[in-house]
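S.K.: I'll drop the sequence and a predicted model, then ask my questions.
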Amino acid sequence: MYICYSVSNMKSGAALIYFLCEISLIGKIAEAYENLALRKPTWQQHWYTYKYSYPPDKAVDGKFSSRSPYGGQCTVSGNYKRTATWRVDLGKFLNIHHITIYYRTDNLPWGPDNGYTTRFLGFSLFISNTTNKDDGYLCFKDTNYTRDTIPSNITIECIKHGRYVIYYNERLPGVTYPDGYSTYAYNELCEVQVYGCPSFVIFGENCTFPCPQTCREERCSIVDGTCFGCIAGQKGSRCEQFCDGGKFGQNCAHSCGLCFGNEQCHHINGSCLNGCDRGYYGDRCTQACSEGWYGYNCLDMCDVNCGERTRCDRKTGQCQNGCQAGWKDTKCDKKCDGGKFGLNCAQSCGVCLDKEQCHLNYIGKPCQMMLICQALHSAECLTYHLLNKETAGMNFYHPHKNSAFIFAPFTKTPADPARKTNCASLTEVKVAEDVGGEEINTWEKTIFNRFSKKTETELQLCQNTIKAE
């Protein structure tokens, strides 16, 4: 903040120094920037109307050679008021650098003996986007000056954007003010100059540089072009950088979702440019996979053979609570093999034809596509069926009476032993309804057809193993 004192307030040696300060510093700044308040609309809270008129626009008419109201260049507020407010409307939001105030002196030497010092003490200065000072930014509030030290001309640096510059002072009842303060509040302003650029999108001493377009509303510091805020997706003093580090949006305040490969999301809208990582979906990859789905972008379905059907880890697809009978591996997508079947592939197959792998989860039909036990191993097959408690009473081709093959329907008791077959007519075997059977289904017919294609030697072997009761 620049403060320059009037000559009459200083002793001779110091006076010259401070006078030069005002000439060189303020003069240079004033030349660089434009007086935005000159002849702009004004308003004040209380008018002084006795005998003379001192309207508020006198403070922006560009004239202050006479610092007395009688010179017609100053505004004066009403007497005996507890608050005093004056403002100028710049017409639009502008880029402001500093404000200079020339207070009433009555053209008398300024100092503790000048009665108007007491009225200037304690003032405040605001820049606002509305006519209400409380909506704006407090540029300055006097809390230190005394009648001996307050200058009649004061320049306050306030680098802000705004439309209204508001001067305010108060002497409220019940409040104790410092010694030297007047009893009532006044605004006795001979000139208020607001220096800055005629547009809020330019900066520099000569107002020649455009603010970065990445600044929010293209507003920047009038001094160095630093932004007062960035548009969504940008950061940095001049908003020259994209949001990163897993952030996006306004002020880079929002967190990215789970993008593929932990990539940075779009700096403005947060979308994942290459899709989602495992377990998530949606434009921003913030939604976890719904039940039954997993993987990148949740495009893979959990295997139906999971222990809890279609329930698996949303990232890896690993089934919960193991697998259904006949399936294995973490995703339950591999059939039992190696002569195993059933839940957890923990059961051992019987002796299937051609040593084929048994059915993956048929407890009662352990030999897939060839359930009829080989004749030479019929005793072992029979023992498996009859002694395995898990297969007792289930559907299977039931060898009966030593090695004789007799097709038995579903029953918890042995099939009628009188019902027997001969190897030559295996393809024509039907299950008689009178023993509670069902028509041989397509799958079973396939088995018989396959068996019927065995060589004559095998059929002869089969016939030789059949024994009558």
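M.R.: Structure's in. What do you need?
S.K.: ok, Phe140 to Gln44 distance?
M.R.: 19 Å (C-beta to C-beta, to the nearest Å). All C-beta spots, glycine's among them, are computed from the backbone N, C-alpha and C.
S.K.: Looking at the two, which is more packed in?
M.R.: Gln44 (22 against 17; other C-beta atoms under 10 Å).
S.K.: Now for that one: which residues touch it?
M.R.: For Gln44, the contact set (C-beta atoms under 8 Å, 6 or more residues apart in numbering) comprises 56, 75, 77, 84-87, 187.
S.K.: Skipping adjacent residues, who's closest to Cys265 in space?
M.R.: Counting by C-beta to C-beta, 6 or more residues apart in numbering, Cys265 lies nearest to Cys256, which is 3.6 Å off, once chain neighbours are set aside.
S.K.: number of nearby residues for the spatially closest residue to Cys190 that is not a sequence neighbour?
M.R.: Among residues not flanking Cys190 along the chain, Cys74 sits closest, at 4.0 Å (C-beta to C-beta, 6+ apart). Number of residues near Cys74 (other C-beta under 10 Å) recorded here: 25.
S.K.: wait, isn't Cys74 in contact with Glu188?
M.R.: Yes: at 6.4 Å, Cys74 counts as touching Glu188 under the criterion of C-beta atoms under 8 Å.
S.K.: so what sits against both of the two?
M.R.: Each of Arg104 lies in contact with both Cys74 and Glu188 under the rule C-beta under 8 Å, 6+ apart.
S.K.: Just confirm Asn144 is within a strand.
M.R.: No: under DSSP: H, G, I helix; E, B strand; the rest coil, Asn144 falls outside any strand and is assigned coil.
S.K.: Please report how far it lies from Gly122.
M.R.: 10 Å.
S.K.: Same drill for the two, tell me which one is more crowded.
M.R.: Taking neighbours as other C-beta under 10 Å, Asn144 and Gly122 compare with Gly122 leading, 21 against 9.
S.K.: Tell me which residues touch the nearest residue to that one once chain neighbours are set aside, please.
M.R.: Excluding the flanking residues, the one nearest Gly122 by C-beta to C-beta, 6+ apart is Asp142, at 5.3 Å. Residues near Asp142 by C-beta under 8 Å, 6+ apart: 121-124, 150.
S.K.: Try it again at 10 Å.
M.R.: Contact analysis of Asp142 by C-beta atoms under 10 Å, 6 or more residues apart in numbering lists 120-125, 150, 154, 169.
S.K.: Do you have the helices of this structure handy? List them.
M.R.: 12-21, 27-32, 117-120, 378-387, 442-452, 456-465 (DSSP state H).
S.K.: Next, count neighbours for Gly180.
M.R.: Neighbours around Gly180, by other C-beta under 10 Å: 15.
S.K.: isn't it right up against Tyr145?
M.R.: Yes: using C-beta atoms under 10 Å, Gly180 is in contact with Tyr145, at 9.0 Å.
S.K.: list residues touching both of the two?
M.R.: 117, 121-122.
S.K.: Could you export those to JSON lines, including columns for distance to Gly174 and pLDDT?
M.R.: As requested, the shared contacts of Gly180 and Tyr145 are arranged in JSON lines below (distance: C-beta to C-beta, whole Å; pLDDT from 0 to 100):
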{"residue": "Thr117", "distance to Gly174": "24", "pLDDT": "97"}
{"residue": "Leu121", "distance to Gly174": "19", "pLDDT": "98"}
{"residue": "Gly122", "distance to Gly174": "16", "pLDDT": "97"}
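S.K.: Which of the residues you listed lies at the shortest distance from Lys247?
M.R.: Nearest to Lys247, judged by C-beta to C-beta, of the shared contacts of Gly180 and Tyr145 is Gly122 at 44.8 Å.
S.K.: hang on, that closest one packs against Thr143?
M.R.: Yes: using C-beta under 10 Å, Gly122 makes contact with Thr143 at a distance of 7.8 Å.
S.K.: joint contacts of these two?
M.R.: Pro178.
S.K.: what's the burial count for Thr85?
M.R.: For Thr85, using other C-beta under 10 Å, the count is 22.
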